[in-house]
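Asker: Sequence first, then the predicted structure, then my questions.
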Amino acid sequence: MLYALSFAQSESKWQSLFNGQDLKGWRQVNGKAPYVAKNNEIVGTSVLQSPNSFLATEKEYGDFILELELLVDTLMNSGIQIRSKSAAEFQNGRVHGYQVEVDPSKRSWTGGIYEEALRGWLYPPELNPAAPKAFKTLQWNKIRVECIGNVIRTWVNGTAVACLIDAETAKGFIALQVHSTDDPLRAGKDIRWRNIRIQTENLKASPYDDIFIVNTIPNNLSPAEAKNGYSLLWDGESATGWRGVRQNKFPENAWEISHGELTAVKPSGAESPEGDIVTQKKFKFFELKFDFKLTKGAQSGIEYLATESGRNKEPKGLEYQIIDNSDPEAKMGTGNRTQASLYDLLPAKKNEKAGRKTGEWNQGIIRVYPNNKAEHWLNGFKLAEYTRGSAEYLAWVDASQYKSLKNFGMAKEGRILLQGNGGRVSFRSIKIREVSF
């Protein structure tokens, strides 16, 4: 109801981007797919052996609210470019920038946010289980996009799909994509757009909802995240809230805090807890979000539900593995030492779209539920899930290096631990939400 109300309040401020008769105000960029104005619609048709085609507005837009309707063949993939660019110095004029996905396949990721020709997926709808249900196959679908400041939000038929907070591109054109294809069965298929309208002044954002938020701005806690219960577990400036393992203070010789990054600087070598750090506070059930970056040959991990027991009270918890998958260590075991794996227990699913190059920032998520289920996510993709205490889990433990530890991983609460013994690894934007789910 709030969603509909926000539309009604803004009705008088809409401007049409399409006059219903011709393509005045638009220009084609890249590709050979034809676009025509017909029956108050813009119609794009796929062609063989053409790169992605885009019909772009001649004008650029920064902050805006955009609405349109589209009807797409089930064999096509498409998208709506926003705040996008085309310049000779970038890949000979290739269109690049934010894209609102149009995906009529069974995956149904329409409304997700992808960055064309740059970072790839920024908000895959796997993060929002309700999103794929919103798209209607072979029917007109209404898309809403709000770009206000650093916040980009999307809806499909009134269902909130994505919320991205990102500061990379503040202004650019809007464009309608016809995707490339080498498949004759996908050639000659149409996508149709109509009722394309925009607001650019006195913008009023729709009320925040509780969908997952991707925030790429370092150490930034947005109002929406705070409303949804998140807090910064690391403040981006100091060691407050953290201490060294078996220490009452923070191990400054093993960690560097600079430029909003928390970096392990201890050289790689034999494993030892002396460089590891833990939270002062213990946690039970939570969602932990974090950014991390690796240098060549470095590795680390985030342990959770770590308890100080056993010899020397060394914390030992379940571990989200952090490693370059080309590293020899990642090839050991049964695949359970690769990036985002449950270390030495459960391999992460293989997903090329989830990876980043060494030296680039990654976004991870760890979720721990009251029913003992847990999940590992990497760059918007769920790569591991399991249930603590299940027969399967106990079999993994029995075959691992943890088999001699009584009730390993079954603690009701524990600390978050960042490993600092595997070379130069940086963290930032560490946030947590304690939840009951």
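Answerer: All right, it came through fine.
Asker: Please report how far the closest residue to Pro132 other than its chain neighbours lies from Val72.
Answerer: Leaving aside its sequence neighbours, Pro132 sits nearest to Ser108 (Cβ to Cβ, 6 or more residues apart in numbering; 3.8 Å). In this view, the C-beta of every residue, glycine as well, is placed from N, C-alpha and C. Per Cβ to Cβ, to the nearest Å, Ser108 is found 12 Å from Val72.
Asker: which of those two has more neighbours?
Answerer: Val72 (24 against 19; other Cβ atoms under 10 Å).
Asker: what bridges to the more buried one?
Answerer: Assessed by DSSP bridges, Val72 has beta-bridge partners Ile191.
Asker: OK, contacts around it?
Answerer: Ser78, Val102, Pro104, Asp190, Ile191, Arg192 (Cβ atoms under 8 Å, 6 or more residues apart in numbering).
Asker: Gln321 against Glu303, yeah?
Answerer: No: if you go by Cβ atoms under 8 Å, Gln321 and Glu303 don't touch, sitting 10.3 Å apart.
Asker: the more surrounded of those two?
Answerer: Under the neighbour definition other Cβ under 10 Å, Gln321 and Glu303 were set side by side, and Gln321 has more, 27 against 23.
Asker: Could you tell me whether the more buried one really is in a helix?
Answerer: No: looking at Gln321 with DSSP: H, G, I helix; E, B strand; the rest coil, it is strand, so not inside a helix.
Asker: For it, give its distance to Ser16.
Answerer: For Gln321, the distance to Ser16 - Cβ to Cβ - is 52 Å.
Asker: Can you give me the neighbour number for the closest residue to Asn219 other than its chain neighbours?
Answerer: For Asn219, ignoring the flanking residues on the chain, the nearest one in space by Cβ to Cβ, 6+ apart is Gly236 at 3.3 Å. By the criterion of other Cβ under 10 Å, Gly236 has 17 neighbours.
Asker: Gln99 now?
Answerer: 27.
Asker: Tell me the one of the contacts of Val72 nearest Asn421?
Answerer: The nearest member of the contacts of Val72 to Asn421, counting by Cβ to Cβ, is Val102 at 46.0 Å.
Asker: Can you name the residues that contact the closest one?
Answerer: With Cβ under 8 Å, 6+ apart, Val102 has these contacts: Leu70, Val72, Asn77, Ser78, Gly79, Ile80, Thr110, Gln177, Ile191.
Asker: before we move on, could you check phi and psi at it?
Answerer: Geometry field for Val102 lists phi and psi as phi -120, psi 110, criterion degrees, to the nearest 10.
Asker: Which residue comes closest to it once chain neighbours are left out?
Answerer: Val102 sits nearest to Ser78 (Cβ to Cβ, 6+ apart), 3.9 Å away.
Asker: okay but the one you found is in contact with Lys189, surely?
Answerer: No: using Cβ under 8 Å as the test, Ser78 is too far from Lys189 to be in contact (9.9 Å).
Asker: Report the set of residues contacting both of those two.
Answerer: Contacts common to Ser78 and Lys189, judged by Cβ under 8 Å, 6+ apart, are absent.
Asker: export the contacts of Val102 to CSV and tack on pLDDT and distance to Ala354?
Answerer: Shown next, in CSV, are the contacts of Val102 (pLDDT from 0 to 100; distance: Cβ to Cβ, whole Å):
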residue, pLDDT, distance to Ala354
Leu70, 98, 28
Val72, 97, 26
Asn77, 92, 19
Ser78, 96, 23
Gly79, 98, 20
Ile80, 98, 24
Thr110, 98, 20
Gln177, 98, 23
Ile191, 97, 28
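Asker: Tell me the one of the residues you listed nearest Val43?
Answerer: Using Cβ to Cβ, those come closest to Val43 at Ile191, 7.5 Å.
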